[in-house]
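Asks: mind folding the following:
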Amino acid sequence: MKKNQLVTLGKHIDILSGCAFPSSGFNRNNGVPLIRIRDILSGKTETYYEGSYDLKYLIKKGDLLVGMDGDFNREYWKGTDALLNQRVCKITPNPETLDKNFLYHFLQKELDKIHATTDVVTVKHLSVKKIQDIKIRLPSLKEQKRIATILDKADAIRQKREQAIKLADDFLRAKFLEMFGTPANNIHRFPKGTIRDLVDSVNYGTSAKASIDSGEYPILRMGNITYQGRWDFTDLKYLDLSVKEKDKYLVKEGDLLFNRTNSKELVGKTAVYEEDRPMAFAGYLIRVRPNSIGNNYYISGYLNSIHGKITLMNMCKSIVGMANINAQELQNIEILIPPKHLQDEYEIIYKKIKKGLSIYDKSAMQLQLLASNLSNKYFM
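Replies: Residues are numbered from 1 along each chain as shown. Just a heads-up that it's a prediction; the model follows:
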């Protein structure tokens, strides 16, 4: 076989389809654990099978599994020895031509392509033949292992970063609660007011049409704010602004952006803009600038707290479809008015925690760029 030749995957793998074990043997305590589609990603099962079975269906930790219905997920089995149920398959690569980890990283993108083009009546179904017919470009085994190692490292750093972000978010929520409490308990007996008492200006973004590849300024849209109150700049569009529009539609460092229109679960996503480059903001967002007794990190901290999220949800609980919280409703939200120096102290803590997360960013970006280049070269 020539290096980097495009070949049919079925020639380099064996596929074992799961067995249709009789459901009469299913239980929650006795027998052998049973892997069903819903168990693939979690790596654990609560279903057991008590009855006879062929040993070929016994899955070991590290076996590569694919769900044949629903989302077509692939994952290494992370649990104890378990039986392979119907509509789950095990894929075993030929070790002389195909590295297992290389296949692991390659496979999900191809399964997603099949999923996108598969018709659905009640649930999407994947056939063994569809997997066998996938085309794959195979470099040498040595090169496959090198690529897989890089992609493994990129995944590991991404997972560590996600864990660190979750720990940071949990810490900040706990710290916010300790410093300020909530309007419901007001453990520190702060004066009560509304967000209106803490802000100087509140403005809607531009409704102008943006472009994927042309325009002076990136424009922030509702998808750029995460539910946890962070930023995702991976999907930006661009537009031009007149001199008159710049003051009205540009955000600067320290501005708070509030997502005013979304599903009732996501409406109210809030984050403080921390970049030193100006960006525009779209009409589904509200820009908030604080007054002399307010701090946007404090306001954002409240709106991203559990109590704040519940408050936002309750404002939209009777809504069917897209929910909206306008600028007046945002300003009317009840909030505690702690001393400014305490709000500023929370900002310092927030920035210190975020700076600690930056140790992952540079290495993650470098590895992700290399991983992306390798994926584009071999996993098309």
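
Asks: break the chain into its domains for me.
Replies: The chain is divided into the following domains under automatic domain parsing: 5-138, 191-337.

Asks: would a markdown table of these with distance to K354 be doable?
Replies: Heads up, the C-betas are built off the backbone N, CA and C, glycines and all. Formatted as a markdown table, these follow (distance: least, C-beta to C-beta, whole Å):
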| stretch | distance to K354 |
| --- | --- |
| domain 5-138 | 30 |
| domain 191-337 | 8 |
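
Asks: let me have those domains in JSON lines, adding mean pLDDT, distance to I348 and mean neighbour count as columns.
Replies: Shown next, in JSON lines, are these (pLDDT from 0 to 100; distance: least, C-beta to C-beta, whole Å; neighbours: other C-beta atoms under 10 Å):
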{"stretch": "domain 5-138", "mean pLDDT": "96", "distance to I348": "39", "mean neighbour count": "16"}
{"stretch": "domain 191-337", "mean pLDDT": "95", "distance to I348": "9", "mean neighbour count": "17"}
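
Asks: so which of those is nearest K352?
Replies: Among the domains of the chain, domain 191-337 comes nearest to K352, with 11.7 Å by C-beta to C-beta.

Asks: check the gap between the closest residue to E275 other than its chain neighbours and Y346 for me.
Replies: Nearest in space to E275, with sequence neighbours left out and distances taken as C-beta to C-beta, 6 or more residues apart in numbering, is E253 at 6.5 Å. To Y346, E253 is 17 Å away according to C-beta to C-beta, to the nearest Å.

Asks: ok, now R287?
Replies: Relative to Y346, and taking C-beta to C-beta, R287 is found at 21 Å.

Asks: again, but for M322
Replies: According to C-beta to C-beta, M322 stands 32 Å off from Y346.

Asks: over to G254?
Replies: Taken as C-beta to C-beta, the span from G254 to Y346 is 14 Å.

Asks: equivalent analysis for T8, please.
Replies: According to C-beta to C-beta, T8 stands 58 Å off from Y346.

Asks: over to C89?
Replies: Distance from C89 to Y346, by C-beta to C-beta: 51 Å.

Asks: how about E275?
Replies: Taken as C-beta to C-beta, the span from E275 to Y346 is 20 Å.

Asks: and the residue sitting nearest the centre point of the chain, what is it in contact with?
Replies: The structure's the chain has its C-alpha centroid closest to T226; by C-alpha atoms, centre = their mean the separation is 8.6 Å. T226 makes contact with 232, 269, 271, according to C-beta atoms under 8 Å, 6 or more residues apart in numbering.

Asks: let's see that with 6 Å instead.
Replies: T226 sits next to D232 when contact means C-beta atoms under 6 Å, 6 or more residues apart in numbering.

Asks: which residues are in contact with F21?
Replies: By C-beta under 6 Å, 6+ apart, the contact set of F21 is Y49.

Asks: which SS class is it?
Replies: coil (DSSP: H, G, I helix; E, B strand; the rest coil).

Asks: likewise I299?
Replies: helix.

Asks: how close does it sit to P278?
Replies: 21 Å.

Asks: over to H115?
Replies: Taken as C-beta to C-beta, the span from H115 to P278 is 39 Å.

Asks: V121: helix or strand, and which one exactly?
Replies: If you go by DSSP states H and E, V121 is not part of any helix or strand.

Asks: next one: it from G283, what distance?
Replies: V121 is 38 Å from G283, by C-beta to C-beta.

Asks: number of nearby residues for the closest residue to I306 other than its chain neighbours?
Replies: Spatial nearest neighbour of I306, excluding adjacent residues (C-beta to C-beta, 6+ apart): R173 at 6.8 Å. By other C-beta atoms under 10 Å, the residues close to R173 number 17.

Asks: next one, pLDDT for R173 please.
Replies: Looking at R173, its pLDDT stands at 96.

Asks: quick one: the helices in the stretch 101-250 of the chain, in order.
Replies: 128-132, 141-180, 243-249 (DSSP state H, counting those that start in this stretch).

Asks: for these, give me JSON lines that also has distance to R38.
Replies: Shown next, in JSON lines, are these (distance: least, C-beta to C-beta, whole Å):
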{"stretch": "helix 128-132", "distance to R38": "20"}
{"stretch": "helix 141-180", "distance to R38": "22"}
{"stretch": "helix 243-249", "distance to R38": "46"}
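
Asks: closest one to G356 among the ones you listed?
Replies: helix 141-180 (7.4 Å).

Asks: same for the closest one, what does it pack against?
Replies: Counting by 3 or more C-beta pairs under 6 Å, 6 or more residues apart in numbering; DSSP states H and E, the packing neighbours recorded for helix 141-180 are helix 100-116, helix 340-378.

Asks: starting at the chain centroid, how far to that helix?
Replies: Here helix 141-180 shows a centroid-to-chain-centroid distance of 12 Å under the convention C-alpha atoms, centre = their mean, to the nearest Å.

Asks: same check, this time on stretch 341-348
Replies: 29 Å.

Asks: how about that stretch: buried residues?
Replies: By neighbour count with 16 or more other C-beta atoms under 10 Å, stretch 341-348 contains the buried residues 343, 345-347.

Asks: now flag whichever of these is closest to I150.
Replies: Using C-beta to C-beta, the buried residues of stretch 341-348 come closest to I150 at E347, 38.0 Å.

Asks: quick one: that closest one from K78, how far?
Replies: 40 Å.

Asks: I136 now?
Replies: 25 Å.

Asks: with F26 instead?
Replies: F26 is 22 Å from K78, by C-beta to C-beta.

Asks: cool, R196 as well?
Replies: Using C-beta to C-beta, R196 is found at 50 Å from K78.

Asks: where along the stretch 1-150 of the chain do the strands fall?
Replies: 5-8, 13-17, 26-27, 32-35, 48-49, 58-59, 64-67, 74-76, 82-84, 88-93, 135-138 (DSSP state E, counting those that start in this stretch).

Asks: if anything else comes up later, I'll come back, but that's it for now.
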